[in-house]
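> Quick check, what structure comes out for this input:
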Amino acid sequence: MNQQEITFNLEETKAVGDFLNGENFASWKFFAHQKEVRNGKVGYTFRVWAPNALEVFLVGDFTYWWEEQIPMQKDEASGIWSCFTTLPKLGQMYKFKIRQANGNEAMRIDPYAYNFEKRPGAASIITDFPQKNWQDDAWMERRKNDKNLKQPHNIYFLHATSWKTHADGRLFTFKDLKDELLPYLKQMHFNAILFMPLMNHINASSLGYHVTGFYALCPDFGSISDFQDFVEAAHLEGIAVYMDFPIGQFSKNPDGLTLFDGTPSYEYTDRNRARNLKHSTKNFDLGKKQVQSYLISSAFYWLETFHLDGFRINSLASMIYRNLDGGPWTPNAQGENENIEGIAFLKKLTQVLHEHFPTTELIAQEHTGEQKITNAGFPGLGFDYKWRNDWMQAVKNFYGMDPIYRKYHYDQTLLAARDFRLQEYSIQPLVEEYKSEEKKSVLSQIFGEDIEMKLAQLKNLLLFQKTFPGAVAVQMGINLGQIEPFEIGKPLNWELLENENFRRFHYFNQRLNELYIQTPAFYESDFEGSGFELVDGTSKNETIFAYKRQADNGEAYYVILNMTPVEYPNYYLPVSELGIYDEIFNTQTIEFGGKSKIVNLNLHTQKWTDNEEFPQFIKVDVPGFAAIIIKPKQ
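As a prediction, this is how the structure comes out:
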């Protein structure tokens, strides 16, 4: 094959140089297939980075998959292969045939493809971008003011094709979700959606976390236009849309990125660092400039093309540390476990995205607690929020134990949660366990054999989550009271709503969400000292936890959490203001599926002499497992 050097024009030369230097954040507009007119003929220019390949051919439906009809030419300086051809038509499939550095031949996907065939196939598809006339200008403008820590974040976390399905078993696409999911979220007072990964993936059981195509919407979910229309409709309803972005790893699928040109192109050269045995994936070489261009460009693509409001970057620990991949590991030059180039990449990612998309919110899932994630207090990696798996695991363990023993874990669970709140800007999530051998719903992890006992404690936990400082996220199925974990491609158990107990539990979630969204005291000063005050952190034997939440305007609410089935008819709640108090929310009332007929109204303060901080108290009747909100009368 003729290995003649390619000539790039000035714009293309800059694109190549920026790509090689890790600074091309629009590289999808250069690679993949670009529609062009040459010598009066309409065709497509294909480009692929395969620096150590011996030969590359473009093959597809348009060559009848004859493998050497369209050779590509290599630019030796950059390792980029190119060709222009008029043969491909819209909707046709293609791959690259690569004669690898070791002489082996392999069929590879286009890493920048915008569309793929449905699994189990992996071929890329010729796709033209729809010209979307967006109607969400008001939302995008308003978002500039809303991106701050004083706004409520009530996030519904879901897998796109496992929420509902058609009666005949067909999966919902974004056309269906626009018509059914968005009205449901409005009804339930969620103001944000976080989708598990939407990028193309071959292995459905990975929930999308084993990505093969970082620029393509998985075809199970619908078309590019379908998702654009969904996001636009969400914005018009005042709902933000976030997506999980598994940016640190990629699928080991043999026709994907693994050893793309026969050598470690996208992964680390060091085998210990390339393999992620814990997640059965490959780790991106985050220090390689071309990989940085590829990944940051992917983020730009999703933000520009779909008007997304942000990302959650999961499994951050594998990007920060070298020894958390479940196998042998190689220390850094200082003999330590820190992934220096991974940390540098994450700082670059957050800085670049915030510079170009100032209103985008970036969430990081990191479980070790050793690395500063947000800029709360002092600079960290630059993320807007930390997804607090540690909080979730602590409260799951606490609510999962026999209430008799909870008093012995009072300090390390409840008081520790209080002490952490100013260290990071955080999101408190409630989600399922993901490991296949441990897949459990949140409800199934709560103590008790009786479903009513479990639901009572889950209501207590949900009110704790909504009223404690920090943004909140709840996985689909939790607000139904679903005891079994969700199944991929199967609908949630909506039949539960035919049962009176579950219908009341569902209504409880609706009312609690509404109260959270409409009450600035529960979100406005989450990360300021004035927004939260512990009023009872000493009732260990009773296992009662009480605190005060306060809005910027001084409006105050008191929260009482009874973590046992024991009723306390005369609980002394310390309060800071003289006056009369009313109960405004009680998880154990009959309307929410409880059995309490008592409503705490017209509670007059009484003086005591041994509490300088709270010189008065009110007597409150607290049912077993109840979570109660008390408010001073105006």
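
> hey, let's count contacts and neighbours off CA atoms from now on
OK.

> Worst mean pLDDT across the helices and strands of this structure, which element?
When each helix and strand of the chain is scored by mean pLDDT, DSSP states H and E, helix 416-420 comes last, with a mean of 68.

> now the helices for the stretch 1-150 of the chain?
10-20, 137-146 (DSSP state H, counting those that start in this stretch).

> Make JSON lines from those helices and add mean pLDDT, mean neighbour count and distance to Ile580 to it.
Output for these, formatted as JSON lines (pLDDT from 0 to 100; neighbours: other Cα atoms under 10 Å; distance: least, Cα to Cα, whole Å):
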{"stretch": "helix 10-20", "mean pLDDT": "95", "mean neighbour count": "16", "distance to Ile580": "66"}
{"stretch": "helix 137-146", "mean pLDDT": "82", "mean neighbour count": "13", "distance to Ile580": "35"}
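
> right, so of those helices, which gets closest to Lys278?
Evaluated over the helices of the stretch 1-150 of the chain, closeness to Lys278 peaks at helix 10-20, with 30.6 Å, by Cα to Cα.

> who does that closest one touch, helix- and strand-wise?
Judged by 3 or more Cα pairs under 8 Å, 6 or more residues apart in numbering; DSSP states H and E, helix 10-20 is in contact with helix 289-306.

> Tell me the buried residues in the helix it packs on?
Across helix 289-306, burial judged by 16 or more other Cα atoms under 10 Å covers 289-303, 305-306.

> can you check stretch 125-137 too?
Residues Ile125, Ile126, Thr127, Asp136 are the ones in stretch 125-137 that count as buried (16+ other Cα under 10 Å).

> Stretch 560-572 too?
So, applying 16+ other Cα under 10 Å, buried residues of stretch 560-572: Ile560, Leu561, Asn562, Met563, Thr564, Tyr568.

> Just the terminal-to-terminal distance for that stretch.
Start-to-end span of stretch 560-572 (Cα to Cα, to the nearest Å) is 11 Å.

> closest to Met199 out of the helices of the stretch 1-150 of the chain?
Taking the helices of the stretch 1-150 of the chain one by one with Cα to Cα, helix 10-20 is closest: 22.0 Å.

> and the nearest residue to Tyr408 once chain neighbours are set aside, what is it in contact with?
Leaving aside its sequence neighbours, Tyr408 sits nearest to Lys540 (Cα to Cα, 6 or more residues apart in numbering; 7.6 Å). Lys540 is in contact with Lys407, Tyr408, Tyr410, counting by Cα atoms under 8 Å, 6 or more residues apart in numbering.

> Buried subset of those as a PyMOL selection?
To isolate the buried ones among those in PyMOL, judged by 16+ other Cα under 10 Å, type:
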select buried, resi 407+410
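
> Could you single out the nearest of the contacts of Lys540 to Ser530?
Using Cα to Cα, Tyr410 comes nearest to Ser530 of the contacts of Lys540, at 23.4 Å.

> mind checking the SS state of the closest one?
Here Tyr410 is recorded as helix under DSSP: H, G, I helix; E, B strand; the rest coil.

> about what we covered before: want to try CSV for the helices of the stretch 1-150 of the chain, with distance to Leu316 as columns?
As requested, the helices of the stretch 1-150 of the chain are exported to CSV (distance: least, Cα to Cα, whole Å):
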stretch, distance to Leu316
helix 10-20, 24
helix 137-146, 26
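
> Only the buried residues of stretch 109-124, if you could.
For stretch 109-124, burial by neighbour count (16+ other Cα under 10 Å) applies to Ile109, Asp110, Pro111, Tyr112, Ala113, Tyr114, Asn115, Phe116, Glu117, Ala122, Ala123, Ser124.

> average pLDDT for that stretch?
Stretch 109-124 shows a mean pLDDT of 95.

> Then stretch 487-504?
On average, the pLDDT along stretch 487-504 is 96.
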